[in-house]
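> quick one: sequence and predicted model below, then my questions.
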Amino acid sequence: MGTTLLIGSCEPFSGKSALVLGIAQKLTQEGQKVRFGKPLATSLDWDPNKGPLPQPLIDDDVRFVSETLGLAADRLIPSLHLLSPTTATQRLGQGDLQAGDGFAAMRQQIADDDGLTLLECAGSLQEGLLYGLSLPQLAEGLDAGVLLVHLWQDSCSVDALLAAKQTLGNRLVGVVLNAVTPGEVESLERQVVPALENLGLPVFGVMPRSPLLRSVTVGELVRRLNARVICCEERQELLVETLSIGAMNVNSAMEFFRRRRNMAVVTGADRTDIQFAALEASTQCLILTGAGEPLPQLISRAEELDVPLLKVDHDTLATVEVIEQAFGHVRLHEAVKATYAFRLVEEHCRLDRLFSALNLPVHVA
């Protein structure tokens, strides 16, 4: 009989997929069998007006992990339900809060495997209750341990972990602290980690905040802003790590732009001085707001430099709000992010301690 580990979090977009990738990669490198799935799918491009849910139901995150690690199809565990407004409405109407017959089949499938089954849970401890697939329900029903990845801001962040421990009891194997200010990682490991472990919260890693993992593609910004792409449409895979607003004089803007990297620059369509200055900096896309169209010279220069030029109907403030909401709230579906996630987990997580706690025969150098 194999081992099942649930990867959960107290809030969405805490870094579960990055942790899954790092753990699964290390296990596969060591020749261990790994299965992966998401009992409740949360990332799936499905239009209910175009037909029923696909079967088997494989979450987009699961597909990405399997493609990145080269997992065979039979190592993937299909989801039992999809979390969406449409399915939630159906569940409410049915008044059925049980996971259904598929849960017993999933449990048997896992029990028959002799490797490690990694299951990524929904965004919080409560999410999925409507489907009978919340993190505590899964831990109990599958007799599984839980590893929480938790966004850390300061010592007040421990409240959510203590609440999770109260709910999960001995099923909580431990935690990984994520998105820590890089300059505070060392002091956190020295001062806070021992205090957490004294409270019964084993810490298996302290990972620094990563602008790359929080980044968003130009294509995602186009989608969220409903933007018109004026040029370089084929460059929508570029990753945006920071946001700059071109509302200052051009000299100040140029100095500011030099200190930033991989920017999306938002500025008015009439600010041609700022627009040209942005193109000469580390700009991944230039987003124009307000009335008016860009100068032909600007379009030509953007094409020369391969910088996508976008035009939106929103004002600058609304545009900035949409972009800021996107940072850190997108799926880890780019190869460059996956490569960075491997390194981040390897350098900042004590996988040897984790595998030992799970009684897995894995040697980590």
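Yep, it's here. Residues are numbered from 1 along each chain as shown.
> from residue 284, how far out is residue 309?
According to Cβ to Cβ, to the nearest Å, residue 309 stands 11 Å off from residue 284. In this view, the C-beta of every residue, glycine as well, is placed from N, C-alpha and C.
> likewise for residue 310?
In terms of Cβ to Cβ, residue 310 sits 11 Å off from residue 284.
> so what sits against both of these two?
Common neighbours of residue 310 and residue 284, counting by Cβ atoms under 8 Å, 6 or more residues apart in numbering, are residue 218.
> mind checking pLDDT for residue 44?
For residue 44, the model assigns a pLDDT of 87.
> quick check: it is in a helix.
No. Residue 44 is assigned coil when assessed by DSSP: H, G, I helix; E, B strand; the rest coil, not a helix.
> just how off-centre is the strand or helix carrying residue 186 within its chain?
Assigned by DSSP states H and E, residue 186 falls within helix 185-187. Centroid displacement of helix 185-187 relative to its chain, using Cα atoms, centre = their mean, to the nearest Å, is 23 Å.
> list the buried residues of that helix.
Across helix 185-187, burial judged by 16 or more other Cβ atoms under 10 Å covers residue 185.
> name the residues that touch that helix?
In contact with helix 185-187 (Cβ under 8 Å, 6+ apart) are residues 206, 208, 348.
> and the residues you listed, which is closest to residue 2?
Within the contacts of helix 185-187, the smallest distance to residue 2 is 26.7 Å, found for residue 348 (Cβ to Cβ).
> that closest one and residue 205 touch, don't they?
Yes. Counting by Cβ atoms under 8 Å, residue 348 touches residue 205, with 5.3 Å between them.
> show me where the stretch 51-200 of the chain has its strands.
76-77, 81-82, 116-120, 145-151, 172-180 (DSSP state E, counting those that start in this stretch).
> residue 223: which of the ones you listed is closest?
strand 81-82 (19.9 Å).
> partners of that closest one in the sheet?
In the sheet, strand 81-82 lines up against strand 40-41 (parallel) (DSSP bridges).
> CA-only coordinates of stretch 350-359 in CSV, if you can.
What follows is stretch 350-359, C-alpha atoms only, in CSV (Å, rounded to 0.1, in the frame of the first residue of the first chain):
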residue,chain,number,x,y,z
ARG,A,350,14.0,20.2,3.6
LEU,A,351,12.7,17.3,1.4
ASP,A,352,14.8,14.8,3.4
ARG,A,353,12.9,15.7,6.5
LEU,A,354,9.6,15.5,4.7
PHE,A,355,10.3,12.1,3.1
SER,A,356,11.5,10.8,6.5
ALA,A,357,8.2,12.0,8.1
LEU,A,358,6.3,10.1,5.4
ASN,A,359,8.4,7.0,5.9
